[in-house]
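> Only the shape, not the letters, is given here:
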């Protein structure tokens with residue numbers, strides 16, 4: 001992984017709460033919610049542990065705004081499924 005992308009972390013009310021570096025990669029993955037509502041996540045981000053993140057947060061990368069849909073915790077990094 002290459003942490004080569006700077007991202008701004010936004011709260012659910014779009015207030016800046018922090019900065020992080022991440023590696024954004026294309027990855028199509030389906031997420032199924034209650035009542036069989038399904039969306040496709042077009043990308044994922046890998047980021048180091050350290051900045052507080054939750055499903056309420058958004059990532060702003062350049063002009064692109066991503067909603068964090070799922071967070072997977074690994075030993076020394078986190079994998080975020082993002083919705084554009």
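Good, I have the coordinates. On a predicted model such as this, the values are computed, not experimentally measured, just so you know.
> For residue 80, list each beta-bridge partner.
For residue 80, the beta-bridge partners under DSSP bridges are residue 45, residue 71.
> Quick one, grab the pLDDT at the residue in the chain sticking out farthest from the centre.
The outermost residue of the chain relative to its centre, with distances by CA atoms, centre = their mean, is residue 35 at 23.8 Å. Looking at residue 35, its pLDDT is 89.
> Same question for the one 10 residues further on.
Residue 45 is assigned a predicted lDDT (pLDDT) of 96.
> wait, it sits on residue 84?
No: counting by CB atoms under 8 Å, residue 45 sits too far from residue 84 to count as a contact (11.5 Å). Where C-beta positions appear, they are placed from N, C-alpha and C, glycine not excepted.
> Now do the shared contacts for these two.
Taking CB atoms under 8 Å, 6 or more residues apart in numbering as the contact rule, residue 45 and residue 84 both touch residue 66.
> which of those two has more neighbours?
Higher neighbour count among residue 45 and residue 84: residue 45, with 24 against 11, using other CB atoms under 10 Å.
> Could you list the low-pLDDT ranges of this protein?
For the chain, the stretches with pLDDT under 70 are 1.
> Sticking with residue 41, tell me its helix or strand.
Under the criterion of DSSP states H and E, residue 41 resides in strand 38-48.
> What helices and strands are in contact with that strand?
strand 5-10, strand 16-32, strand 64-73, strand 77-83 (3 or more CB pairs under 8 Å, 6 or more residues apart in numbering; DSSP states H and E).
> Now do it against strand 77-83, angle only.
150 degrees (axes from the mean of the first three to the mean of the last three CA atoms, to 10 degrees).
> by contact count, what packs against the following helix or strand past strand 38-48?
Using DSSP H and E, the next helix or strand after strand 38-48 towards the C-terminus is strand 58-61. The contact analysis (3+ CB pairs under 8 Å, 6+ apart) places strand 58-61 against strand 5-10, strand 64-73.
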